[in-house]
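**Student:** Everything below, folded, please.
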Amino acid sequence: MIRRLLCALALTCVVAAPALADGDNRGYGLAGILSASNKEDLSPIILSAGEPLSEAPWELRSGSYYEFEIQGDGSQELGLVGPEFFRAIWIDEIVVEGLEIRPLGLDSIEFDEAGVMEIGFVAIKPGQYYLKVPGSTGDTQRLEITIK
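**Tutor:** Got it, this is the predicted structure:
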């Protein structure tokens, strides 16, 4: 009797899993939320003296996987801070010159010279966040981020 109940429960979970995976019924596939169907590339962040960080604010969905590049041109030593944002996401990996880093978390990053960094993450906690150049006050030196 218990064996039949467990088999029925397992079958129900397998049949219902794609429908439960997301509200819009995308069905993720075997890799779950890390599946290619759940991945989106974001516009890059540009670290350059006097230039805007990004073209537009980011609107993200909780549970979706995102990748973006941070491009530093070396015109000035620049960094990004956003501890609240970094605590609202799960960072899968950071790639710098082909080296993959899998940190437990971040608080800030800094470019001392020209280079490119790629960050892959899953948005987790809904809310309003930002990334900004430390010590800056201008709107163009701040990227507004919304996780829905």
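
**Student:** just for the chain, where's the confidence low?
**Tutor:** 1-33, 35 (pLDDT under 70).

**Student:** Now do the helices in the protein.
**Tutor:** Per DSSP state H, the chain carries helices over the ranges 2-20, 83-87.

**Student:** looking just at contacts, which helices and strands does the last one meet?
**Tutor:** Taking 3 or more C-beta pairs under 8 Å, 6 or more residues apart in numbering; DSSP states H and E as contact, the helices and strands that helix 83-87 lies on are strand 127-132. Yep, even glycine has a C-beta here, placed from its N, CA and C like the rest.

**Student:** which helices and strands sit right next to the strand it packs on?
**Tutor:** Using 3+ C-beta pairs under 8 Å, 6+ apart: strand 127-132 touches strand 78-81, helix 83-87, strand 142-147.

**Student:** redo that, cut-off 10 Å
**Tutor:** If you count contacts as 3 or more C-beta pairs under 10 Å, 6 or more residues apart in numbering; DSSP states H and E, strand 127-132 packs onto strand 58-60, strand 78-81, helix 83-87, strand 108-111, strand 142-147.

**Student:** Among the ones you listed, which comes closest to Glu51?
**Tutor:** Across those, Glu51 has its closest neighbour in strand 78-81 (9.9 Å, C-beta to C-beta).

**Student:** Can you pull out the residues in contact with the closest one?
**Tutor:** With contacts defined as C-beta atoms under 10 Å, 6 or more residues apart in numbering, strand 78-81 is touched by 45-49, 51, 53, 70, 72, 86, 106-112, 117, 130-136, 141-143.

**Student:** Buried subset of these, written for ChimeraX?
**Tutor:** Applying 16 or more other C-beta atoms under 10 Å to the contacts of strand 78-81, the buried members can be selected in ChimeraX as follows:
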select :45,46,47,48,53,70,72,86,106,109,111,117,130,131,132,133,141,142,143
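
**Student:** what's the distance between the residue nearest to Glu113 when sequence neighbours are not counted and Ile119?
**Tutor:** Excluding the flanking residues, the one nearest Glu113 by C-beta to C-beta, 6 or more residues apart in numbering is Gly74, at 4.8 Å. As judged by C-beta to C-beta, to the nearest Å, Gly74 and Ile119 stand 19 Å apart.
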